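Asks: pasted the sequence and its predicted model underneath.
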Amino acid sequence: MRVPRAKSQATVKLKDLPQGVVKLEAYDDGVDDAPRYPTVVQGHRNNVQKFKNCVVLTRVGGFYELYFEQAEEFAPLLSLKLASKKTSAGPVPMAGFPFFQLDRFLKILVQDLNKYVAISEEFAIGAEDKARSGGLMFDRRVARIVTPGTLIDEKFIDPSENNFLLAIYLDIPALKAESKENVDPQSSQHVLASVPQRVGLAWLDLSTGDFFTQLTTAQMLPSAIVRIGAREILVDQNVQDIIGQELQQLVGHEHRLVTFFRYPEIFSPMSEWDSMLEAPIPEETHASFTTEEVAAGYSLLEYIRVQLQGSNLKLQPPRRRHLDESMSIDRNSLRGLEILETSRDGFGKGSLLHAVRRTSTKSGARLLRDRLSKLSKVGTTSLSLDTNLSHEASPSTSLMAINERLDLVSIFIENENLRDNVIQLLKRSYDSQRLVQKFAMGKGDPDDLICLSRAIEASQGVKQVLSEHERLSTSGATSGARRSLLSMISRLSLEGPVVLANKISSAIDEEGVLQQQRIQDSTAAEAVSLAQEVAINEGTSSELESLPKKVRTKASDKAAADPEAGEFETWIMRRNASENLNALHTELEDLLNEKIMLIKKLRDYVGSSALNLKWTPGLGHICHVKGPKISQQSLEELGVTRNVSSTKSTRSFYLPAWTELGNKMDHVKIQIRQEEQAIFENLRREVILNLVKIRRNAAVMDELDVACSFATLAQEQKMVRPILNEGTMHKIAGGRHATVKLGLEEQGRSFVSNDCFLGDQERIWLITGPNMAGKSTFLRQNALITILAQVGSYVPAAYAEIGIVDQIFSRIGAADDLFRDQSTFMVEMLETAAILKQATPRSFVIMDEVGRGTTPEDGTAVSFACLHHLHYHNQCRTLFATHFHGLADMTQNFEHLERYCTDVKETGRGSFSFVHRLRKGVNRDSHALKVAQLAGLPRETIELATSVRDELRNKKNTQ
Ligand SMILES: Nc1ncnc2c1ncn2[C@@H]1O[C@H](COP(=O)(O)OP(=O)(O)OP(=O)(O)O)[C@@H](O)[C@H]1O
Ligand SMILES: [Mg+2]
């Protein structure tokens, strides 16, 4: 970890730290006679000292600059040219990029390199302070620290995933005591697994305002971490010694960042969190949060406060996620079953999520991801008392909730028209979760307002479409389907939001906004060309080269093409957005008319239409004449006071009448801008007033998106609706593996479907068979079908009846053995231990080749003992694939275990094919040499292997 540890044990309250994650150390000012660096460079140096763990970017005019060691370190990583700045204190390495590329470089630094970045911005210094600062124009100070978990509206945030920051709270004294007592130094890597501790979790997404807490246990922590998938994980600096390494290992391979941060000594109660929330946490729910969750939540808020350096914040009130109600898929299954990403490359393609995702919006994709990573479980407790919980946050704990989701999917399957309409509207809605959060954080612009009003209109449209459908379809739909449709309709609350949307669209002039964006683009271009000039004069060539060519020319093009620039004003609000605004526009029009009259009068007077009234940034209001000579006398008669410039063919001069009129116009324009700003602020306030409703509507839209997505998928893949019950059986006929099937079909091969009947009679299926014959595929496909069913999707099978599973466990793997710094067999045993300890009679377990990582005797022994434990103790539904066919004989008297196998079909003359269909029985031949041959082992090697194998067999038979 890059954050240095505290030097002493003395704790400092976070509030006492002015800035930064790290305890501040007094900066040695180095008051000596040595030549000093220029102020900017020195300021940068101070910041690097102060924000020890951060990469510091210092704004200098149109650039963000890195100096010294950080320039040397990061220039190559950012593909920037390393230059050297001459200063009186010697050359200083530097590298920089134009300000408008900040997002691009933040992405590399924060997202790809997992760095913390402190951005030091320029603030103009007022006239009176200027003298004190020695005539400097700008003050620079770190305005924000950007870390992977604290992104707000950066363009590179993955829109289809939440960007979570997670705080973990552990009771340190207890942890210390436990780890001394229970853990021998040999296995100090596994403190968490061996300590029975309550752990508080709190996580939030700054870009959407989502805020959750959960109570978990040390043992469940690893799976919670994977499930939440936070980009950055906060841990108290004081536990670094105890579990730092273990955590690091846990998250290291997921490319997540662990930040050790000194947690506050005292945790403020939830009643004092209001200033950072959009609405207070209902008092009656305070008691439902545990101390550990409050501690985690408060530490999280403290961290945010530091990172945002005092920016405004409006999060949603925290919502509890209950451990016992939404049962998560354990960490190994999430990875091994490739639910969110493939284990091979960690990318999405090939994963279950990728294979089933047909969502139309990014936020719908986020919801789908969230659902797939947690599994519903039959629960007895109900969440309905927690009124502050939105529907989605009380995860479907029951059959009813799952069925409600399935009902909704069925409506969209049966009514393609309805689905198409809803999808059309969904596509027109913007990511309102992220939009409203921008406003809540004091950001956002008129364009965002327009998008928001579109999103609101879309949800209005959806409500209409659904209501219409409901009204017309009196027959056909089951009562369940009707109920879930009605619930969607009633949850869309539109009164406030629609009024807001109307206000927005009647106030904001879209054309104007568009126009203004164009102007802003070209202003940015101008800023660049200015920066370019500076670079040419005193900078280095690297700065110049880092400017995009396009911008370089665009700036000059614009100047050439638009000589009248400055004449035209664009307004972002319609003039009737307020009475005041209307009056101001009228005033401005009058003044413009006056100007036209004045021009006419002047032209008549001098007898030339080549006279114009202008404004230029350098000269102000001037009168400009082209071409024919105008006598000095006639000008003086007009009241000309002073000539400004003249060339052979043109002349410019000041004219008091125009100066006065021009100033009046300027004044009115400023007033209009102010009025527009005021209207904008009003709208922003209204957005915030409607925050909760808009977010709830967005949640409904997301649910509809997921339902439509499942409907599309079901139709496309010919899936069936699973029948869920509270029993402990699996009756899957004609099951298929969603992703393997796709892969095979791409190669023009077909997939053989298989049944899986697990239950009271046959609780364990022991599966043997040749290599490559589909054992692993079969195991996974049934786990995936179970997961899909319980998230409310149709499943790839001809028929599926599933007793709801409380937890899914899997011990599978190959590629997954490499990810931790542990031996293959160790990983296998760790995972197996977790399963044997945790699986209940309602669980579903798949185990693939347990014991493979060691000698055949030991492997067989361990496998047998595991089967024994699963059969007699856990009593869970289990699919167990193995090459130790001895197990088939050893488990003869296991009442609830049945043996199944796959085959190889030999078709004479050495050729063969795999029979992927399972049948009852045991297959004692691995046909490994056939696979080896297929894989292209040299012929001699195959021949040698064959003769050795025959010899071994003979020996065995004669023994
Ligand atoms: N039901 C099926 N229908 C068609 N092809 C299948 C089926 N199941 C598996 N396959 C194909 O066979 C390949 C190997 O399958 P799988 O890895 O499940 O075999 P296995 O029995 O676990 O082998 P091993 O013992 O070597 O682990 C798959 O990648 C897939 O291409
Ligand atoms: Mg296998």
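Replies: Thanks, I have the structure now. Residues are numbered from 1 along each chain as shown. Ligands and ions are numbered 1, 2, ... in the order given.
Asks: from here on, contacts and neighbour counts on C-alpha atoms
Replies: Fine.
Asks: for the stretch 501-650 of the chain, what lies in contact range of ligand 1?
Replies: Neighbours of ligand 1 within the stretch 501-650 of the chain, by CA under 6 Å from any ligand atom: none found.
Asks: next up, the contacts around Ser467.
Replies: Contact partners of Ser467, counting by CA atoms under 8 Å, 6 or more residues apart in numbering, are Ile489.
Asks: pretty sure it is in a helix, no?
Replies: Yes: Ser467 sits within a helix when classified using DSSP: H, G, I helix; E, B strand; the rest coil.
Asks: just checking, Pro159 touches Lys362?
Replies: Yes: with contacts counted by CA atoms under 8 Å, Pro159 reaches Lys362, the gap being 5.5 Å.
Asks: can you tell me how far the closest residue to Arg924 other than its chain neighbours sits from ligand 1?
Replies: Of all residues not flanking Arg924 in the chain, His885 sits nearest, at 5.8 Å (CA to CA, 6 or more residues apart in numbering). Distance of His885 to ligand 1, computed by CA to the nearest ligand atom, to the nearest Å: 12 Å.
Asks: roughly how far apart are His885 and Gly908?
Replies: Separation of His885 from Gly908 (CA to CA, to the nearest Å) stands at 26 Å.
Asks: go on, Gly853?
Replies: Distance from Gly853 to Gly908, counting by CA to CA: 35 Å.
Asks: looking at those two, which has the bigger crowd around it?
Replies: More neighbours surround Gly853 than the other of Gly853 and Gly908, with 16 against 7 (other CA atoms under 10 Å).
Asks: strands of the stretch 551-700 of the chain, start to end?
Replies: Read by DSSP state E, counting those that start in this stretch, the stretch 551-700 of the chain holds these strands, from start to end of the chain: 611-616, 620-626, 642-646, 650-654.
Asks: and the angle from the third one to strand 650-654?
Replies: What it means is strand 642-646. 160 degrees (axes from the mean of the first three to the mean of the last three CA atoms, to 10 degrees).
Asks: please parse this protein into its domains.
Replies: The chain breaks down into these domains under automatic domain parsing: 34-146, 513-553, 719-958.
Asks: quick one: residues contacting Arg331.
Replies: Arg331 makes contacts with 222-224, 226-227, as judged by CA under 8 Å, 6+ apart.
Asks: who wins on neighbours among those residues?
Replies: Busiest of these [other CA under 10 Å] is Ala224, holding 23 neighbours.
Asks: distance check, that one against ligand 1.
Replies: Distance, Ala224 to ligand 1, by CA to the nearest ligand atom: 28 Å.
Asks: same thing with Gly936?
Replies: Taken as CA to the nearest ligand atom, the span from Gly936 to ligand 1 is 15 Å.
Asks: can you count the residues close to that residue?
Replies: For Gly936, the count of nearby residues is 10 (other CA under 10 Å).
Asks: ramachandran angles for it?
Replies: Backbone torsions of Gly936, given as degrees, to the nearest 10, read phi 90, psi 30.
Asks: same check on Gln197?
Replies: The phi/psi pair for Gln197 (degrees, to the nearest 10) is phi -130, psi 150.
Asks: who are the contact partners of it?
Replies: 170-171, 175, 217-219.
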